[in-house]
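> all I have is the shape, not the residue letters:
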């Protein structure tokens, strides 16, 4: 008997997987932004990193780490407190690969000093590429890197920990940090009654010889399997920063008791916890009462990484959408040849081009800030503005990328649904949108001359671009208004757009002109593709985005 033929089971007119590619070499805007900001010598290193992270094997690890989420083991079989979080092996492999590439420490010397050169730019390119594959594991990576800035306030503590932080090894064993090949660090600031208002924290710290004992409750503490945490607690002189290790100096497990893991919208490969400290051992970092000043050194760097990761997510969304459109046929044409789809993809490409140029320009400021007052002022004023615009752009952008794939973009077998769930966290973490706007106003009030000098530099760098001069005048007016807080979002968004146009103008003046014409010279339409770009400009943007 002849078996029936199920012809409908033949799969055709589907795009092949976007994998086994070089995520650096295929990204011309990234390569040009890295080179323009001092990182040209790292091209070979970044291409090797791009090939590894663009492999099918790394894509599979990203999928597995998110489908097999962390599990909290509060007690062992005999009822003893255990307070461990178990991860899928794919998560540990992602962590190991990032650590091996120095994504967690390459901006520092072995002594915990800024590495200089283009270390921030090169490391940011790796962070941006890794974010395109799996973003959740980058939470402990970024906190480990950023923690060094806070630990530097307490040289004795930095001198003890830096030899282990500085290794390019990942050691997931649950053991005292001083016995390990490498270590990771997390942070715990947020309490349920205060949220962003950390000065209202109620966690208490009492002296215990040369150390402290901390009792309290943190509503959010990310990456609970880190080897130590920077936490805020109220000491005798006020809110203070402390380093709290998972193990006390005598080798016993520290009194860090996890209540639960948070069930989050995205960022699911990474554990975030609610935790109680019950007389937990900790060492002071910085002066008593200066906790905000100490930990803000760390927060500035984590905000930088939020923007880099969001740019990476948008780049991945664009690459997958454009790759799909070039392979999918509809109405007797490839989707990428349909005029409406071209308009959407081209404008998405323009947005990513500007975002990448902007975050790499910010990283150059981080590289040069120790020796250049102008770059330091750019960093302080623009970090919150760039985080605000780039991070808040990502969710809507990722939705548009999903729509380019239609139903295939919406299902969990593809990466875009995960990217979409991941996108909001960077705008929320380390200060939401309103907090970023208030920080821009704060930077302006503290250093008005330096901030205005930055604005003047941006005016010069965008001279001749459509709407540039008008944007500078509007920003200056808004920031000087007595009720400036009420219009802060308008001013901060325009400031970020101006900075993006300036950054892109250094790399690709024609793309900068297109960006300024559609963002500065006019109010941008609320949907991608609702602009009138010439056919040659559309073709150039798409070829530039993905050859």
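Great, that's in hand. For clarity, every value in this text was computed on a predicted model and none was experimentally measured.
> from here on, contacts and neighbour counts on C-alpha atoms
OK.
> in the protein, which spans are strands?
Along the chain, the stretches classed as strands by DSSP state E are 71-75, 81-86, 185-188, 204-208, 211-222, 228-235, 238-245, 256-261, 272-285, 329-330, 333-334.
> wait, residue 27 touches residue 541, no?
No. Checked against C-alpha atoms under 8 Å, the pair residue 27 and residue 541 is beyond contact range at 11.8 Å.
> contacts only, for the nearest residue to residue 185 once chain neighbours are set aside.
Of all residues not flanking residue 185 in the chain, residue 144 sits nearest, at 4.6 Å (C-alpha to C-alpha, 6 or more residues apart in numbering). For residue 144, the contacting residues are 104, 105, 165, 184, 185, 186, by C-alpha atoms under 8 Å, 6 or more residues apart in numbering.
> gap between the second one and residue 169?
When you say that, I think you mean residue 105. 11 Å (C-alpha to C-alpha, to the nearest Å).
> need the residues touching each of the two.
Common neighbours of residue 105 and residue 169 (C-alpha under 8 Å, 6+ apart) are residue 99.
> more neighbours, those two?
Between residue 105 and residue 169, counted using other C-alpha atoms under 10 Å, residue 105 has the larger neighbour count: 28 against 20.
> phi and psi next, for the more buried one.
Dihedral angles of residue 105 (phi, psi; degrees, to the nearest 10) stand at phi -150, psi 0.
> contacting residues around it?
Residues near residue 105 by C-alpha under 8 Å, 6+ apart: 99, 144, 145, 165, 166, 168.
> nearest residue to the middle of this structure?
The residue lying closest to the centre of the chain (C-alpha atoms, centre = their mean) is residue 306, at 2.5 Å.
> that one contacts residue 426, correct?
Yes. The pair residue 306 and residue 426 passes the contact test of C-alpha under 8 Å, sitting 5.0 Å apart.
> pull up the overlap in contacts between these two.
Counting by C-alpha under 8 Å, 6+ apart, the common neighbours of residue 306 and residue 426 are residue 391.
> OK, contacts around residue 68?
87, 88, 269.
> check residue 189 too.
198, 218, 220, 221, 231, 232.
> distance between the ends of stretch 522-539?
Stretch 522-539 end-to-end distance (C-alpha to C-alpha) = 23 Å.
> need the residues that contact it.
Residues contacting stretch 522-539 (C-alpha under 8 Å, 6+ apart): 340, 341, 342, 343, 344, 345, 346, 347, 348, 400, 467, 518.
> which ChimeraX command selects the buried ones in the residues you listed?
Selecting the buried subset of these in ChimeraX, with 16 or more other C-alpha atoms under 10 Å as the burial test, is done by:
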select :342,343,344,345,346,347,348,400,467,518
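> got any ranges where the stretch 401-547 of the chain has weak pLDDT?
Within the stretch 401-547 of the chain, no stretch has pLDDT under 70.
> farthest pair in the contacts of residue 189?
Greatest spatial distance among these (C-alpha to C-alpha): 198 and 221, at 13.4 Å.
> identify the contacts common to the two.
Contacts common to residue 198 and residue 221, judged by C-alpha under 8 Å, 6+ apart, are 189, 190.
> what about residue 371, how many residues nearby?
Per other C-alpha under 10 Å, the neighbour tally for residue 371 reads 10.
> quick one: it from residue 450, how far?
15 Å.
> now swap in residue 368 and tell me
16 Å.
> cool, and residue 30?
Distance, residue 30 to residue 450, by C-alpha to C-alpha: 29 Å.
> picking that back up, just the pLDDT for the residue nearest to residue 185.
Residue 144 carries a pLDDT value of 98.
> what's the answer for residue 69, then?
Listed pLDDT for residue 69 reads 97.
> lowest-confidence helix or strand of this protein?
In the chain, the helix or strand scored least confidently by mean pLDDT, DSSP states H and E is strand 329-330, which has a mean of 88.
> any idea how far it is from the chain center?
35 Å (C-alpha atoms, centre = their mean, to the nearest Å).
> equivalent analysis for stretch 409-416, please.
The answer for stretch 409-416 is 21 Å, by C-alpha atoms, centre = their mean.
> give the buried residues for it.
For stretch 409-416, the neighbour count (16+ other C-alpha under 10 Å) marks 409, 410, 414, 415, 416 as buried.
> what's it in contact with?
With C-alpha under 8 Å, 6+ apart as the criterion, stretch 409-416 contacts 63, 317, 398, 401, 402, 403, 408, 417, 418.
> in contact with the last one, which residues?
What that stands for is residue 418. 266, 412.
> could you do the second one as well?
Going by C-alpha under 8 Å, 6+ apart, residue 317 touches 397, 398, 401, 402, 416, 419.
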